[in-house]
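**Q** The sequence isn't on hand, but the structure is:
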């Protein structure tokens with residue numbers, strides 16, 4: 001496997017809250033292609049992957065409250081195509097049961113709230129008051 005990110009399209013990652021053990025699985029592209037205003041060709045630009053912490057609002061709020069130093073980020077796998085990246089993220093979401101796994105307290109183990117905009121955590125957990 002190459003050590004150069006230029007050889008890859010993106011990665012699947014895991015973020016773990018070291019205070020309460022909650023987790024988040026997601027995917028991120030290393031680059032994106034944009035067509036600058038007034039230009040004919042698209043240009044390749046770096047994404048914000050080095051400082052990215054996921055799209056979950058609940059996760060982002062806890063990072064704000066608890067600090068980035070209490071969240072461990074890991075790359076689970078690297079992928080050379082968008083298709084393989086998307087597939088592996090979805091596979092990891094189902095393999096890890098992100099919509100149904102619970103902490104000892106009964107709260108959801110994962111911050112992930114849905115898979116493919118089709119399967120939702122709210123269907124497995126009652127509203128916690």
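**A** Right, received. Where do you want to start? Everything quoted here is computed from the prediction, not taken from an experiment.

**Q** Count the neighbours of residue 24 for me.
**A** 24 (other C-beta atoms under 10 Å). The way it works is simple: take the backbone N, C-alpha and C, and place the C-beta from them, glycine included.

**Q** Would you confirm that it contacts residue 60?
**A** No. In this structure residue 24 lies outside contact range of residue 60 using C-beta atoms under 8 Å: 9.9 Å.

**Q** ok now do the residue nearest to the spatial centre of the chain, which residues does it touch?
**A** Taking C-alpha atoms, centre = their mean, the centroid of the chain lies closest to residue 26, which sits 1.9 Å from it. The contact partners of residue 26, taken as C-beta atoms under 8 Å, 6 or more residues apart in numbering, are 12, 13, 15, 54, 55, 56, 89, 112.

**Q** thought the last one was touching residue 92?
**A** Read it as residue 112. No. Look at residue 112 against residue 92 with C-beta under 8 Å: they stay out of range, at 10.0 Å.

**Q** Now the common contact residues for these two.
**A** residue 25.

**Q** Now do residue 29 against residue 80, distance only.
**A** For residue 29, the distance to residue 80 (C-beta to C-beta, to the nearest Å) stands at 12 Å.

**Q** Find the residues that touch each one of those two.
**A** Contacts common to residue 29 and residue 80, judged by C-beta under 8 Å, 6+ apart, are residue 9.
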